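Participant: Curious how this folds, go ahead:
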Amino acid sequence: MDMIMDGEQVGGGNRFSVRNPFNGEEVDTVPLAGRDDVLRALEAAHRAKGSMSDLSARRISESLHDVADELRAERDALARLITLESGKPIRFSRDEVKRSVETARLCAEEARRLYGESIPMDAGIGGKGLIGFTVRIPLGVVAAITPFNYPLNLAIHKVGPALAAGNTTVLKPSLEAPLSALRLCEILNEHFPPGAVNAVTGRGREVGDLIIDSPLVDKITFTGSVEVGRYISSRASMKKVTLELGGNDPLIVMDDADIDSAVEGAVRGSYLYSGQVCIAVKRMIVHKDVADEFADKLVEKTRRLRSGDPLDAETDIGPLINEEAAIEVERRIEDAVDDGAELLHGGSRRGNFVEPTVLDYVRPEMDVVAEETFGPVSPIIRFADADEALRIANGTCYALQAGVFTENIGTALRMASEIDAGTVLVNKQSTFRVDHMPFGGFKCSGMGKEGVKYAIEDMTRTKLVVLNSR
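Facilitator: Numbering: from 1, shown residues only. Okay, here's the model as predicted:
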């Protein structure tokens with residue numbers, strides 16, 4: 001597949017082989033963009049601002065609805081493409097495509113709702129006889145940088161709101177899984193003016209620095225690692241920046257919890273896409289009085305999971321994105337066991353595959369829970385009371401989402417108040433997300449909010465107009 005610049009597909013001399021994480025076979029190739037390619041894409045986006053400003057909100061909305069229709073029509077091919085490039089089990093890829101269709105429709109609907117407000121100018125000294133109102137206008141050029149784990153939905157989550165607000169875009173998808181994002185941009189390109197949608201593929205710093213430093217870019221929206229997020233923030237100067245930087249999300253199980261429901265949430269939350277999700281359950285903080293029951297039931301359900309070919313609809317656990325990632329997860333498991341954690345199930349690695357793993361008697365300072373572990377690991381940390389649970393949950397630089405299982409409304413409200421996270425879910429695991437909700441964390445988990453309405457708000461400027469009626 002090729003890049004998109006100024007309404008055209010653009011190849012390149014040097015190309016990168018996108019390989020299936022399951023078997024290593026080449027899926028396709030994409031260009032490795034050079035400096036001239038990136039500058040061309042940025043200049044195209046800058047020139048297209050005028051063309052986008054000529055489009056009515058109705059036209060933009062209708063175009064995004066058309067994009068949603070095309071995504072739905074291609075749902076089977078897109079799901080297969082996501083699985084081939086990322087190793088995501090096909091049933092989860094199908095879910096991602098469904099969500100992407102919904103995200104595109106949400107963008108289409110919100111494009112009609114760029115409301116301003118009336119300002120009572122005469123409420124202030126000297127304001128009598130003046131009429132004031134605000135309008136929301138596009139920022140200009142929005143640069144979007146997306147990761148491998150949700151290659152289609154995270155791309156539409158960034159590019160869709162940008163277009164809905166009247167901006168132009170330059171997308172840089174992950175080199176590890178760029179294909180579904182490029183197909184999305186091909187579809188978008190058919191419905192918007194040339195230059196409104198651009199996509200460049202290339203290595204991180206080589207392409208990213210040119211985008212971050214460009215005076216033509218008005219906003220950067222990035223999903224990825226804390227290290228890269230901090231780097232972007234430090235170089236972005238006066239640009240607006242939204243950063244979604246991952247999490248170390250806890251699942252707290254109180255002694256009055258419905259254990260079966262908590263275990264079900266733990267399994268769904270810990271093993272979704274082999275744990276390669278920023279909102280995956282990465283720490284299971286369980287009351288000591290119910291920890292044995294929880295651990296036994298968790299192991300029982302973990303044993304039932306099926307690892308294998310992600311194109312098989314029965315597969316639960318697919319490969320990690322590459323062997324380097326799998327080796328790091330294996331190291332953290334081994335270090336935890338060497339440091340006193342009890343291995344209840346799993347722990348082995350074969351190539352890119354890490355066996356679903358349950359660890360008990362994990363301590364908060366162990367690497368497997370002190371850092372964000374992107375793999376199918378369920379670490380159980382035992383606690384004695386609510387105060388200790390809160391100390392453990394908040395004892396990290398991450399603060400994205402958290403789940404709490406309890407039957408006590410007072411406990412639920414206290415946890416919701418005192419857990420430091422962008423979202424607290426009661427009797428639900430942290431992996432829950434619907435695409436219109438405000439999504440984003442605190443501290444190392446980033447800044448700003450995604451969710452279509454909230455992304456659009458951050459991709460516009462508020463202009464005040466004052467009329468002298470005298």
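
Participant: Which neighbouring elements make contact with whatever helix or strand R414 lives in?
Facilitator: R414 belongs to helix 409-418 when assigned by DSSP states H and E. In this structure, helix 409-418 packs against helix 386-394, strand 401-405, strand 423-426, with contacts taken as 3 or more C-beta pairs under 8 Å, 6 or more residues apart in numbering; DSSP states H and E. Quick note: C-beta positions are derived from backbone N, CA and C, even for glycine.

Participant: Can you mark which positions in stretch 134-152 are buried?
Facilitator: Across stretch 134-152, burial judged by 16 or more other C-beta atoms under 10 Å covers 136-152.

Participant: looking at the helices and strands packed on helix 409-418, which is closest to L251?
Facilitator: strand 401-405 (4.5 Å; C-beta to C-beta).

Participant: what's that closest one packed up against?
Facilitator: strand 249-253, helix 259-271, helix 409-418, strand 423-426.

Participant: The same query, at a cut-off of 6 Å, please.
Facilitator: strand 249-253, strand 423-426 (3 or more C-beta pairs under 6 Å, 6 or more residues apart in numbering; DSSP states H and E).

Participant: Pull up the pairing partners for it, direction included.
Facilitator: Strand pairing for strand 401-405, using DSSP bridges, gives strand 249-253 (parallel), strand 423-426 (parallel).

Participant: Count residues in the vicinity of D54, would you?
Facilitator: 9 (other C-beta atoms under 10 Å).

Participant: Could you pull up the residues touching G269?
Facilitator: 280-281, 429-431 (C-beta atoms under 6 Å, 6 or more residues apart in numbering).

Participant: and the gap between it and L71?
Facilitator: From G269 across to L71, the span is 27 Å (C-beta to C-beta, to the nearest Å).

Participant: Out of the helices and strands in this structure, which is least certain?
Facilitator: Lowest by mean pLDDT, DSSP states H and E among the helices and strands of the chain is helix 204-213, with a mean of 92.

Participant: And for it, what's in contact with it?
Facilitator: 33, 38, 143, 172, 200, 232, 235.

Participant: The residues you listed, buried ones only, as a ChimeraX selection?
Facilitator: This is the ChimeraX syntax for the buried subset of the contacts of helix 204-213, where burial follows 16+ other C-beta under 10 Å:
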select :33,38,143,172,200,232
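
Participant: Among the contacts of helix 204-213, name the ones in helices.
Facilitator: Counting by DSSP state H, those place 38, 232, 235 in helices.

Participant: Give me the helices and strands touching the longest helix along the chain, please.
Facilitator: Within the chain, and with DSSP H defining each element, the longest helix by residue count is helix 90-110. On a contact count with 3+ C-beta pairs under 6 Å, 6+ apart, helix 90-110 meets helix 57-73, helix 75-86, helix 153-164, helix 452-458.

Participant: most tightly surrounded among the helices and strands packed on strand 401-405?
Facilitator: For the helices and strands packed on strand 401-405, the largest average neighbour count (mean count of other C-beta atoms under 10 Å) is found in strand 249-253, namely a mean of 29.

Participant: tell me the pLDDT at G422?
Facilitator: At G422, the pLDDT value in this model is 98.

Participant: give me every residue that touches it.
Facilitator: By C-beta under 6 Å, 6+ apart, the contact set of G422 is 400, 440-442.

Participant: Now which of those would you call buried?
Facilitator: Applying 16+ other C-beta under 10 Å to those flags 400, 440-441 as buried.

Participant: Tell me the one among these nearest to I285.
Facilitator: The nearest one, if we look at the buried ones among the contacts of G422 relative to I285 and count by C-beta to C-beta, is L400, at 15.3 Å.

Participant: What distance do you get for the closest one to E186?
Facilitator: Distance, L400 to E186, by C-beta to C-beta: 32 Å.

Participant: next one: A79
Facilitator: 17 Å.

Participant: between the two, who's got more neighbours?
Facilitator: The neighbour comparison of A79 against E186 (other C-beta under 10 Å) goes to A79, with 23 against 16.

Participant: Does the more buried one touch S93 like I think?
Facilitator: Yes - using C-beta atoms under 6 Å, A79 is in contact with S93, at 4.1 Å.

Participant: residues touching Y271, list them.
Facilitator: Y271 neighbours (C-beta under 6 Å, 6+ apart): 356, 376.

Participant: Contact partners for A177?
Facilitator: Counting by C-beta under 6 Å, 6+ apart, A177 has contacts 85-86, 148, 151.

Participant: could you redo these as JSON lines and give each row distance to G166 and pLDDT?
Facilitator: Below are those laid out as JSON lines (distance: C-beta to C-beta, whole Å; pLDDT from 0 to 100):
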{"residue": "E85", "distance to G166": "31", "pLDDT": "99"}
{"residue": "S86", "distance to G166": "31", "pLDDT": "98"}
{"residue": "F148", "distance to G166": "29", "pLDDT": "97"}
{"residue": "P151", "distance to G166": "25", "pLDDT": "98"}
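
Participant: what two of these are the furthest from one another?
Facilitator: E85 and F148 (7.9 Å).

Participant: any idea how far N322 is from E328?
Facilitator: 10 Å.

Participant: Also R205?
Facilitator: Counting by C-beta to C-beta, the gap from R205 to E328 is 21 Å.

Participant: which of those two has more neighbours?
Facilitator: Remark: of R205 and E328, E328 carries more neighbours, 17 against 11, as counted by other C-beta under 10 Å.

Participant: one step back: any idea which of the contacts of G422 is closest to R99?
Facilitator: Distances from R99 to the contacts of G422, taken by C-beta to C-beta, are shortest for G440, at 17.2 Å.

Participant: Next, find the distance separating that closest one from V466.
Facilitator: 34 Å.

Participant: ditto for D36
Facilitator: Distance from D36 to V466, by C-beta to C-beta: 45 Å.

Participant: same check, this time on R15
Facilitator: Distance, R15 to V466, by C-beta to C-beta: 55 Å.

Participant: For those two, indicate the residue with more neighbours.
Facilitator: R15 (14 against 11).

Participant: Check which residues of the helix holding R414 are buried.
Facilitator: Neighbour-count burial for helix 409-418 [16+ other C-beta under 10 Å]: 411-412, 415.

Participant: follow-up on the earlier one: save the contacts of A177 as TSV, and put in distance to I317 too.
Facilitator: Formatted as TSV, the contacts of A177 follow (distance: C-beta to C-beta, whole Å):
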residue	distance to I317
E85	18
S86	14
F148	17
P151	19
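
Participant: residue boundaries of the helices in the stretch 301-450 of the chain?
Facilitator: Using DSSP state H, counting those that start in this stretch, the helices of the stretch 301-450 of the chain run over 323-338, 367-370, 386-394, 409-418.

Participant: what packs against the shortest one?
Facilitator: Judged by 3+ C-beta pairs under 6 Å, 6+ apart, helix 367-370 is in contact with helix 323-338.

Participant: Flag every buried residue along the helix it packs on.
Facilitator: So for helix 323-338, counting by 16+ other C-beta under 10 Å, buried means 323, 325-326, 328-330, 332-333, 336-337.
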